[in-house]
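Peer 1: Give me a 3D structure for the following:
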Amino acid sequence: MPARTDAYGASRGKCETVERAQERVPTGAVDDSAARPEEAGTALELLVHGVGGTTPEKMLDDPRTVRVTGDDTAAVFRRAEDADAESRPDDYRGRPVPEAYVWCNLTSGNGTRALWLLLLPFMVVNLAHWMRPTARGRKRTVRLYGLLVRLTALTLTVLLVAAACEVALDLAAWQCAGTHECTERHSWLGFLSPTVSDDGWWSMPGRRLALAALVPAALTGLLWYLSHRTWSAYESQQPMTRTPEADEESSRTALGRPGFWYGRRLVARLRAAHTAAGLLTVAAAVGTSAARFDHRPGGPVPLDVLGRLLEVALVVAAVAVVGVVCRRGRSENRLDQELDARLVRQLPLAALVLLVLAAVYAGWERPGWESAGRLPGDTTFGAIALVQGLLVIVLGVVAHVLHRAHPDPRAAIRGLGGPAVAMLACALGGVMSGGVSQRVADWLDGTGTNIPGPPVLLTWQASVIPPLLVVLLVLCGWLGWRTWLLRRAELAVVERDYPGEPKDTTRTRRIARTRAMATLTDRGPLLVAVTSTTTLLLAAGALVGALTTDKTPSEAAHPTPAFVEGAAETAQALGSWLIGLGFILFVTWGRRAYKDPSARRTIGILWDVGTFWPRAAHPFAPPCYAERAVPDLTWRMATWTASTGGRLVISGHSQGSVLAAAAAWQLKPSVRKRVALLTYGSPLERLYGRWFPAHFGPAALSALHHDVDCWRNLHRRTDPIGGPVRLSGDCGPEVDRESLKDPLEYGRTDQHPLPAPVLGHSDYQADPAFAEERQRLLARLRSEVPAPRPGGGA
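Peer 2: Numbering: from 1, shown residues only. All right, here's what the predicted structure looks like:
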C-alpha cells in the first residue's frame, strides 16, 4: 500500500494489516481489552439508515427483530437469533453480529411535529451559523460571525411576533373592530365595536389592543413550550464523558470536542432571550399605541409620564435581551453542565410583567381616543427589514474575510453560503409574515374598501415575488439547457460503460438522463447565490419604495407611463395572489402532516437534513436530533468494544454516514482505531463538505480517514445526493471506490433475466460491490473470539 500525506503534512501508510493497526493503539483505551490485539473479540456491524427512515426488519433483512437497547424514539435492534451473540462466540467466527440503529422517530414522530413547519425560517438561519468558512487562529472573527447570525435569528423572532401583532392588534382589533361595516360582516367582533356594542367596556381602543395581545403572547408561549419540550428531550441527552488519553491530540474538527453535542446551556439562555424579545414586541405594540395618543399636546400629564417610563423600560429590557444574545456562544471544549437558572427565569418573567403593565396602561380610559387608519406597522417592519439587510451584508463581509484567509475551492459560493442562507431565512420569514397578514386582511375585508389593510411595506414585499420568480425561471431554463447538453454527452459514456451490449436507445437515454439530473445537486450553490442576491436587491428596492412613497406599488405608479403602471398593478395583484396561495398551501400541508403519518415522514426528510446541527443560533428552531443520535452511537460503540474486546464496522447510508462520522469523532483514539467505516450514498463531501467547510472540509475528512482503522466509500454517478469523498493524494483511492455501475446490467442476462432498475440513491446493498467491500473491512477484524467477560455483552 503506498504511503500518503494527510492534510497536516504527516506521511504515513493507511489501511495496513490489522496487527500493525493494533500495535498503534495506545494503552489508555476505554478498557484494557481495547488495547490488547490478542483479545480482539466478536466483530459487530452497526448499520445506520439515512433520510426518510426505515424499519429494523428491512435493515436486518429479517422479520424477527428484538430491541437490544434504546426506547421508542431511537433504539438498536438485532435479529432475534443474534440477541445472545456474546454468549455464543464460536457461532460468529468469520462473520459479524449485525445491529441496526433506527433513529427516524427523532424527526417524524407524532402529529405535533407538523407544528415544526412554523419554525422553518428559524431552522434555515440556524444552518447559516454552521456554514462559516474554515478559520484557523481567527477566534475573534469566528465569534463575530456567530454573533451576527444570532442577531439575525433574533430579528426573525421579532418579525414573526410582529406579524402576529399585525393580524390580531392592527387588522382585527384596531381596523376591523373600529369600522362598523367590518364588524357587521364579522359579528364575533361586535363586542369590540363602539357602534355595535354601544360604547361597551371593551370597545375602547386600548382595551381592544390589550385583549388582542393575547394572540401574539400565546404564540410566543407556544414557541417557548415547543423549545422547552424538545430541549428536555434532545439537548439534555448528555454525551459520554471520558478522560483524554495521554497521547491524544486536540481534535482537528469541532465535531470531536466533548461539548459539541451538548448545547443545553446555550439553548436555555437563547430561549429566555427570544421569549423575552417576543413578549417585549407585544408590549411595545400595545403600549406605544397608547403612548402616542398621550404624547399629543394637551394630553393628560400622568398618562404621558407613565407612557414615557414604559417606553424607557421597554428600551432597557430590549438592550438586556440583545446583551444576552451577544454573550459568548457555545462551550464546545468541555461538557458545560451549568445552567443560568436566574437569567432563564427572570428575563422572560420581566418581559411578561412589562406586557401586563403595558396592557393595564393601554386599557386606561382615554376620552376622545378613536382607532383610525393603521397602527405604525410600516415603521416596525421597515426597521426589521433594514436591520436584517445590514446584518446579512456585514455577515457576508466577515465570511469573505475568513474564506480569503484559508481558501477552499470546493466551498459553496466561495465561503458565502452562510450569508446567502441567512438571507433566504429572512425572505422566508417575510413571506410567511406577509402571507398571513394579506390573507387575514382579505378575509376581514374582501372588497378592500372598508379597512386600510396591512402595512404598505408588506404589499411591496409581495410585489417583488413575481420578478424573483422570473429570474428563477430564467435560471432554471439555463440549468435545464446545461443538463440537456450533459445528457447528450453522457450517451456516448453510457455506451462505453456497457461494451458489447445490444444498443437500446431508450435504455441509454434513460441512464444518461438520470446521470445528468444527478448533477443538478452540484448546481445548488449557484441557485442559492442567485436567489439570495436577487432577494436582497428586490427587498432593498421594496423598502425604499414603501418608505419614500407611503403608497402601494399600483398607487405609486399612477403618474408613470402606462407600461410601468400596468407592470406595477400586475406585480402587486400577482404577488398578493402568490403569497396567499403559499400561505394556503403551507396551512394545508401542516394540517395533512398532522393527520397523515406518510406526509409527516415527508416533512421528516426535510428535518433530517436541516436539523442535524445543534441549535446554536435560534432556540425555536426544530431540535437537533444528532444531540441524541450521536451520543447513542458513541455509547454503543465504546461500551461494546470495552465489554467484548471486539472490533466494529459502522455502516452508514446517506445521512446515516454523517451520523456515523460524527460518532466516530467522539470516540477515544484507541477505540476509534478499532472502528472501520463503510459509507455509501454519502453526502459527507458533496453536501456537507461544500456547505459546512469548517466542520467537514478536506482537513476534517482527512483526519477522520487517518483516525479510523479503515474507511471505504461507495457512490454512483446516478446518485443525486451521495458522492466521492475526494481526499487528496493517495488518500482518495484508499477511501473512494470507483463509481458503481447503475444499472448493474444494461440488458437481460442469465443473472438478471429482467431489466435491472436504475437505483440512484437507494439499495446500495443490491450491488455485489457492497458485500465485497464489507467483507474486505471485516477481513481486517480478527476472527478469534474470546469468551465475554462477566457482565459483558449487549
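Peer 1: Please count neighbours and contacts with C-alpha atoms only from this point.
Peer 2: OK.
Peer 1: From Leu527, how far out is Trp103?
Peer 2: Distance from Trp103 to Leu527, counting by CA to CA, to the nearest Å: 31 Å.
Peer 1: Which one's more surrounded, these two?
Peer 2: Shown here are Trp103 and Leu527; by other CA atoms under 10 Å, Trp103 has more neighbours (27 against 17).
Peer 1: Show me where the protein dips below the pLDDT cut-off.
Peer 2: Scanning the chain for pLDDT under 70 picks out 1-41, 108-115, 236, 242-252, 329-330, 333-338, 447-448, 590-607, 732, 781-794.
Peer 1: just the strands in it please.
Peer 2: Secondary structure of the chain (DSSP state E): strands located at 4-5, 11-12, 41-48, 65-70, 75-79, 97-102, 646-653, 675-680, 710-714.
Peer 1: To Ala492, which of those lies closest?
Peer 2: strand 710-714 (23.7 Å; CA to CA).
Peer 1: Contacts for the closest one next, please.
Peer 2: 14-15, 675-682, 705, 723-725, 734-740, 770, 773, 777 (CA atoms under 8 Å, 6 or more residues apart in numbering).
Peer 1: Just the C-alpha atoms of it, please, in CSV.
Peer 2: Coordinates of each C-alpha in strand 710-714 appear next as CSV, following Å, rounded to 0.1, in the frame of the first residue of the first chain:
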residue,chain,number,x,y,z
CYS,A,710,-10.1,1.9,7.6
TRP,A,711,-12.7,3.7,5.6
ARG,A,712,-14.3,2.8,2.3
ASN,A,713,-16.9,4.8,0.4
LEU,A,714,-19.3,3.7,-2.3
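Peer 1: so how far is it from its chain's centroid?
Peer 2: Strand 710-714 sits 27 Å away from the centroid of its parent chain (CA atoms, centre = their mean, to the nearest Å).
Peer 1: Next, the angle from that strand to strand 646-653.
Peer 2: Here strand 710-714 runs at an angle of 20 degrees relative to strand 646-653 (axes from the mean of the first three to the mean of the last three CA atoms, to 10 degrees).
Peer 1: could the strands of the chain be laid out in a markdown table, adding mean neighbour count and distance to Gly259?
Peer 2: Formatted as a markdown table, the strands of the chain follow (neighbours: other CA atoms under 10 Å; distance: least, CA to CA, whole Å):
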| stretch | mean neighbour count | distance to Gly259 |
| --- | --- | --- |
| strand 4-5 | 17 | 30 |
| strand 11-12 | 11 | 30 |
| strand 41-48 | 26 | 23 |
| strand 65-70 | 17 | 22 |
| strand 75-79 | 23 | 23 |
| strand 97-102 | 24 | 23 |
| strand 646-653 | 27 | 23 |
| strand 675-680 | 28 | 22 |
| strand 710-714 | 24 | 25 |
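Peer 1: Let me have the ones you listed in TSV, adding distance to Arg308 as columns.
Peer 2: TSV is the format used below for the strands of the chain (distance: least, CA to CA, whole Å):
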stretch	distance to Arg308
strand 4-5	67
strand 11-12	69
strand 41-48	59
strand 65-70	56
strand 75-79	57
strand 97-102	57
strand 646-653	60
strand 675-680	63
strand 710-714	65
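Peer 1: what's the closest of these to Leu357?
Peer 2: For Leu357, the closest of those is strand 65-70, at 47.9 Å, according to CA to CA.
Peer 1: which other helices and strands contact the closest one?
Peer 2: Contacts defined by 3 or more CA pairs under 8 Å, 6 or more residues apart in numbering; DSSP states H and E place strand 65-70 against strand 75-79.
Peer 1: redo that, cut-off 10 Å
Peer 2: helix 56-60, strand 75-79, strand 97-102, helix 626-644 (3 or more CA pairs under 10 Å, 6 or more residues apart in numbering; DSSP states H and E).
Peer 1: So which of the ones you listed is nearest Val142?
Peer 2: Taking CA to CA, helix 626-644 is the member of these nearest to Val142, at 22.6 Å.
Peer 1: Against Phe583, how distant is Leu117?
Peer 2: 12 Å.
Peer 1: Common neighbours of the two, please.
Peer 2: Common neighbours of Leu117 and Phe583 are listed as Trp589 (criterion: CA atoms under 10 Å, 6 or more residues apart in numbering).
Peer 1: coming back round to it: just the buried ones from the contacts of strand 710-714, in ChimeraX syntax?
Peer 2: Buried subset of the contacts of strand 710-714, written as a ChimeraX selection, criterion 16 or more other CA atoms under 10 Å:
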select :14,15,675,676,677,678,679,680,681,682,705,723,724,725,734,735,736,737,740,770,773,777
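Peer 1: one step back: would you format the helices and strands packed on strand 65-70 as JSON lines with distance to Val149 included?
Peer 2: Listed next are those as JSON lines, based on distance: least, CA to CA, whole Å:
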{"stretch": "helix 56-60", "distance to Val149": "39"}
{"stretch": "strand 75-79", "distance to Val149": "34"}
{"stretch": "strand 97-102", "distance to Val149": "33"}
{"stretch": "helix 626-644", "distance to Val149": "21"}
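Peer 1: closest to Cys326 out of the ones you listed?
Peer 2: The nearest among the helices and strands packed on strand 65-70, by CA to CA, is helix 626-644 at 23.6 Å.
Peer 1: Who are the packing partners of the closest one?
Peer 2: Partner elements for helix 626-644 (3+ CA pairs under 10 Å, 6+ apart): strand 41-48, strand 65-70, strand 75-79, strand 97-102, strand 646-653, helix 655-665, helix 669-672, strand 675-680.
Peer 1: Mind doing that once more with 8 Å?
Peer 2: Using 3+ CA pairs under 8 Å, 6+ apart: helix 626-644 touches strand 646-653, helix 655-665.
Peer 1: now the angle between helix 655-665 and the first one, please.
Peer 2: Between the axes of strand 646-653 and helix 655-665, defined by the same axes, to 10 degrees, the angle is 150 degrees.
Peer 1: got the CA positions of strand 646-653 in PDB?
Peer 2: Extracted C-alpha coordinates of strand 646-653, given in PDB (Å, rounded to 0.1, in the frame of the first residue of the first chain):
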ATOM      1  CA  GLY A 646     -14.200  -6.900  19.800                       C
ATOM      2  CA  ARG A 647     -13.800  -4.600  16.800                       C
ATOM      3  CA  LEU A 648     -16.600  -2.900  14.900                       C
ATOM      4  CA  VAL A 649     -17.700  -1.800  11.400                       C
ATOM      5  CA  ILE A 650     -20.100   1.100  11.400                       C
ATOM      6  CA  SER A 651     -22.100   1.200   8.100                       C
ATOM      7  CA  GLY A 652     -23.900   4.300   7.200                       C
ATOM      8  CA  HIS A 653     -26.200   5.200   4.300                       C
END
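Peer 1: what distance separates it from the centre of its chain?
Peer 2: On CA atoms, centre = their mean, the centre of strand 646-653 falls 27 Å from that of its chain.
Peer 1: In contact with the nearest residue to Ala441 once chain neighbours are set aside, which residues?
Peer 2: Nearest non-adjacent residue to Ala441, counting by CA to CA, 6 or more residues apart in numbering: Gly453, 5.7 Å away. Going by CA under 8 Å, 6+ apart, Gly453 touches 171, 175, 374, 438, 441.
Peer 1: Which phi and psi values does the residue of the chain positioned farthest from its centre adopt?
Peer 2: Distance from the C-alpha centroid of the chain, by CA atoms, centre = their mean, peaks at Gly298 (52.9 Å). The phi/psi pair for Gly298 (degrees, to the nearest 10) reads phi 90, psi 0.
Peer 1: Fine, thanks again, bye for now.
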